[in-house]
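Asks: Compute the structure for the input listed below.
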Amino acid sequence: MKSKEYINYLKKLKRKKVFILSMQILILLLFIILWEVLSNKKIINPFLFSSPSKILTTIKQLYFNYHLITHILTTLEEIIIAFVLGMVLSFIMAILLYEFKTFNKIVDPYLTMLNSLPKVALGPLIIIIVGANTKSIIVMALLINLIVGIMSIYNGFNNVDSDLIMLFKTFKASRFDTLRKLIIPASVKSIISSLKLNISMTLIGLLPPVGENILSNKYCSKY
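Replies: Residues are numbered from 1 along each chain as shown. Alright, predicted model coming up:
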């Protein structure tokens, strides 16, 4: 039997969630209305910033005349493949870096170097090596999301309470058990944060002219 105070607390939480969602929707609507008005009044340059109504008209034209759904499905396929590959490889590499300190010291400067490279500028080189196809887009997205995912998950592993690790060692837990029952569960928040970062980095990898050109080539070859 739930107490009256607990029921009131749940109602308060629900009202707060509804308020937050309402404010988010209101801000979005106000932004769209303001954008439309400023564009129509030419307070902002309509050529540079367009307007919501023009965007909707363009989407309608693309849908009926330029096979918009085909392009969207192609992009979604690439996003899913790059995102899943990035997360799996990031998780595996983070575990290797955490468990094998010598390996970590060996590859650390190379990870730093790869992270500092202007990966978008490598687009033409990726096309030459991999070819002008879907693989090029996936490789581009992986180059952008992989290092960020590795470092995010690895830092989460490193931030686990050292006292808890010592407690596991005291009870003679194996390295595998410590990793499986302590390190990974305690790093769930970092892993979720890495998921959020990876999806945004994956989208960035699909946006450069590399992705756009390959999408066009794939579409033309199909039709």
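Asks: Against Ser116, how distant is Phe100?
Replies: Here the criterion is C-beta to C-beta, to the nearest Å. By it, Phe100 lies 24 Å from Ser116. Quick note: C-beta positions are derived from backbone N, CA and C, even for glycine.
Asks: mind saving the C-alpha coords of stretch 75-88 as PDB?
Replies: C-alpha atoms of stretch 75-88 as PDB (Å, rounded to 0.1, in the frame of the first residue of the first chain):
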ATOM      1  CA  THR A  75      21.600   7.200 -44.900                       C
ATOM      2  CA  LEU A  76      19.900   5.300 -42.000                       C
ATOM      3  CA  GLU A  77      21.500   2.100 -43.100                       C
ATOM      4  CA  GLU A  78      24.900   3.700 -43.000                       C
ATOM      5  CA  ILE A  79      24.300   5.400 -39.700                       C
ATOM      6  CA  ILE A  80      23.300   2.100 -38.000                       C
ATOM      7  CA  ILE A  81      26.200   0.100 -39.400                       C
ATOM      8  CA  ALA A  82      28.800   2.800 -38.500                       C
ATOM      9  CA  PHE A  83      27.300   3.400 -35.100                       C
ATOM     10  CA  VAL A  84      27.100  -0.300 -34.100                       C
ATOM     11  CA  LEU A  85      30.600  -1.000 -35.400                       C
ATOM     12  CA  GLY A  86      32.000   2.100 -33.600                       C
ATOM     13  CA  MET A  87      30.400   1.100 -30.300                       C
ATOM     14  CA  VAL A  88      31.500  -2.600 -30.500                       C
END
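Asks: Average pLDDT for that stretch, rounded please.
Replies: The average pLDDT for stretch 75-88 rounds to 89.
Asks: swap in stretch 112-119?
Replies: For stretch 112-119, mean pLDDT is 79.
Asks: Run through the neighbouring helices and strands of the longest helix along the chain.
Replies: Once the chain is assigned using DSSP state H, the helix that runs over the most residues is helix 4-40. Using 3 or more C-beta pairs under 8 Å, 6 or more residues apart in numbering; DSSP states H and E, the elements in contact with helix 4-40 are helix 46-49, helix 52-65.
Asks: Serialize those helices to CSV and add fields for distance to Ile138, mean pLDDT and mean neighbour count.
Replies: Formatted as CSV, the entries for the helices and strands packed on helix 4-40 read as follows, by distance: least, C-beta to C-beta, whole Å; pLDDT from 0 to 100; neighbours: other C-beta atoms under 10 Å:
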stretch, distance to Ile138, mean pLDDT, mean neighbour count
helix 46-49, 32, 86, 10
helix 52-65, 24, 88, 12
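Asks: JSON lines please, covering these and showing distance to Asn145.
Replies: Putting the helices and strands packed on helix 4-40 into JSON lines (distance: least, C-beta to C-beta, whole Å) gives the following:
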{"stretch": "helix 46-49", "distance to Asn145": "29"}
{"stretch": "helix 52-65", "distance to Asn145": "27"}
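Asks: Among the ones you listed, which comes closest to Trp35?
Replies: helix 52-65 (6.0 Å; C-beta to C-beta).
Asks: one step back: what are the buried residues along the longest helix of the chain?
Replies: Burial within helix 4-40, assessed by neighbour count using 16 or more other C-beta atoms under 10 Å, is assigned to 35, 39.
Asks: same thing with stretch 124-143?
Replies: By 16+ other C-beta under 10 Å, the buried positions in stretch 124-143 come out as 126-127, 130, 132, 134-143.
Asks: Lowest pLDDT pick from those?
Replies: Minimum confidence in the buried residues of stretch 124-143 sits at Ala132, scoring 73.
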